[in-house]
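J.: Need a 3D model of the following:
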Amino acid sequence: MMLRIRSRDGLERLQIDDPHTTIGQFKAIIETQLKIPIHNQTLSTDQNLLLAKTPDDLLRFTDMADPTTPISALNLSHGSIVFLHYYGERTVAGAPTFSPAGSFGRKMTMDDLIAKQTRITRQESPHCDAASFDRYSANAFQSYVNETLAFASKRGGFLYGRVLEDGTVQVDFIYEPPQQGMEDDLILLRDPQEEKVVDTIAAGLGMSRVGFIFSQTILQDKKDYNFSNKEVIQAAELHAESGLKEWVTVVVKLMVNEDGDADVHFEAFQMSDMCVKLFKEGWFEREFGENDDPKLSKMKKEVVVGGKDVKEVDNDFFLVVVKIVDHEGPLSSTFPIENRNTFVTMKALKSHLDRTKSLPFVKRISDFHLLLFLAKFLDLSSDIPALTECVHLQTPVPEGYQLLIESIANTS
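T.: Predicted coordinates:
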């Protein structure tokens, strides 16, 4: 059985030949192969282990604390990920070969000197405490990529919500822009006019854009990475564009469990400060060949990683794990979602209003996707702010607007 070990150094693989191997024996294998002393290791199946900052934080992760527990008792299967926290430094096996700076016969330019001072290290802590998803919005997104797209092509969307005082990024709806999804690439065909409408609706709801979500395909899952090099660049670009330090990037993927069934997983990250800085300064190569490893980001100039000069960086160096939780937000997500394969019509509006007629009218229109559809027929500077204020405060919708919306629906 092959297990994947994720630590601050990235993803590494270990082969476990004996199904009766205990956690203590597993730690000994880690010490032998990864050169990390047993007493420095903390293991867990919980990815939040990588967010631990103090010894007291580590004590919370007890699922792999008993050295006599067999690995088989942890529901781990071939390809499962075990998270590793350790103290100290080590040399990662397979790191790129060191190329000494200032080789004989080569002149150093000022750019070379700057590059030699650009050191890429792991950012241990994110700028947000957690990412909390409205469970209905999250389910609407994952249901589409799972049941309709069957994880055969990628899908993306912008996250809208607010940053709470405790540092949590609260996501209350997902806007899916026009796009073209492929097996290993996602092209956003962004519409500035539509995004202006989305931002106006969000502002009226007391929200703003706080992140980006995308799905990975089944093909990508076989390539054993968190983000591909293309995904790192896209995520860094959107993070840089936002100017929001708490900006989160969420990946949705299909993972096969030990019973052979597929589970949908949400994983939240922030792009590191260094990643965003390097993107802004144009360090990333944006062209890739067939033989390029998608787990590595190509740099235009050498950078220093682990004391070595390299032009390819493990993508995991640019990712900062963010804890992910859920909540029940103020909006529903039952109205058909924009820019999908099925065109949204007036009939959908009438069906929605008929289905929710037992609710107060403000509840019937408390759906971002419905408000975006109505914005095609209402004034963006007066009508939409008036409606979003009602939804935001959950106050009664003026009768004139109720009659107007129902008459729009009845034109189907």
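J.: and Ile233, what does it touch?
T.: 279, 284, 286, 297 (CB atoms under 8 Å, 6 or more residues apart in numbering). Where C-beta positions appear, they are placed from N, C-alpha and C, glycine not excepted.
J.: er, Val145 actually
T.: So Val145 contacts 151, 155, 215, 252 (CB under 8 Å, 6+ apart).
J.: Quick one: classify it as helix, strand or coil.
T.: helix (DSSP: H, G, I helix; E, B strand; the rest coil).
J.: Tell me, how many residues neighbour Ala268?
T.: 26 (other CB atoms under 10 Å).
J.: Any figure for the gap between Phe227 and Val320?
T.: 12 Å (CB to CB, to the nearest Å).
J.: so what sits against both of these two?
T.: What both Phe227 and Val320 touch, as defined by CB under 8 Å, 6+ apart, is the set Phe269.
J.: Looking at those two, which is more packed in?
T.: Phe227 (26 against 22).
J.: so what's the closest residue to the more buried one other than its chain neighbours up against?
T.: Spatially, and ignoring its direct neighbours in sequence, Phe227 is nearest to Asn315 (5.0 Å; CB to CB, 6 or more residues apart in numbering). Residues counted as contacts of Asn315 (CB under 8 Å, 6+ apart) are 225-229, 231-232, 295-297.
J.: Swap in 6 Å and give it another go.
T.: Taking CB atoms under 6 Å, 6 or more residues apart in numbering, we find Asn315 in contact with 227, 232, 295, 297.
J.: farthest-separated two in those?
T.: Distance extremes for those: the farthest pair is Val232 and Lys295 at 10.0 Å, using CB to CB.
J.: about what we covered before: now do the residue nearest to Phe227 against Ser228, distance only.
T.: 7 Å.
J.: low-scoring stretches of the stretch 101-250 of the chain, by residue?
T.: 101-117, 221-222 (pLDDT under 70).
J.: residue contacts, the most centrally placed residue in the chain?
T.: With distances taken as CA atoms, centre = their mean, the residue of the chain nearest its centroid is Val250 (1.5 Å). Applying CB under 6 Å, 6+ apart, we find Val250 in contact with 213, 268.
J.: now do Lys253
T.: Contacts for Lys253 (CB under 6 Å, 6+ apart) come out as 216, 265.
J.: Okay, and it sits in which element?
T.: Secondary structure assigned from DSSP states H and E places Lys253 in strand 248-256.
J.: and the residue nearest to the centre of the chain, what are its bridge partners?
T.: Beta-bridge pairing of Val250 under DSSP bridges involves Ile213, Ala268.
J.: Helices of the stretch 151-300 of the chain, residue ranges please.
T.: Applying DSSP state H, counting those that start in this stretch to the stretch 151-300 of the chain gives helices spanning 192-204, 218-221, 229-242, 273-280.
J.: Of those helices, which is nearest Ile30?
T.: Closest among the helices of the stretch 151-300 of the chain, using CB to CB: helix 218-221, at 24.4 Å.
J.: what residues does stretch 382-391 touch?
T.: 200-201, 204-205, 362, 366, 375, 378, 397.
J.: Apologies, that question was intended for stretch 324-339.
T.: Contacts of stretch 324-339 (CB under 6 Å, 6+ apart): 130-137, 140, 172-173, 176, 178, 266, 268, 344, 348, 352, 366-370, 372.
J.: hmm, which of these are the buried ones?
T.: 130-134, 136-137, 140, 172-173, 176, 266, 268, 344, 348, 352, 366-370, 372 (16 or more other CB atoms under 10 Å).
J.: shaky segments in the stretch 301-412 of the chain?
T.: In the stretch 301-412 of the chain (pLDDT under 70), the answer is 412.
J.: Looking at Val232 and Lys295, which is more packed in?
T.: Val232 (26 against 19).
J.: Wait, that one touches Leu296, no?
T.: No: the criterion here is CB atoms under 6 Å, and Val232 misses it with Leu296 at 9.7 Å.
J.: Just put the contacts of Ile233 in JSON lines and tack on neighbour count, distance to Ser7 and pLDDT.
T.: Formatted as JSON lines, those follow (neighbours: other CB atoms under 10 Å; distance: CB to CB, whole Å; pLDDT from 0 to 100):
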{"residue": "Phe279", "neighbour count": "21", "distance to Ser7": "25", "pLDDT": "96"}
{"residue": "Phe284", "neighbour count": "19", "distance to Ser7": "24", "pLDDT": "97"}
{"residue": "Arg286", "neighbour count": "11", "distance to Ser7": "29", "pLDDT": "93"}
{"residue": "Ser297", "neighbour count": "29", "distance to Ser7": "19", "pLDDT": "96"}
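J.: For Val197, which residues are in contact?
T.: Contacts of Val197 by CB under 6 Å, 6+ apart are Ala375.
J.: Please flag which of the contacts of stretch 324-339 sit within strands.
T.: 130-134, 172-173, 266, 268 (DSSP state E).
J.: Burial check on Ile29, number of neighbours?
T.: 16.
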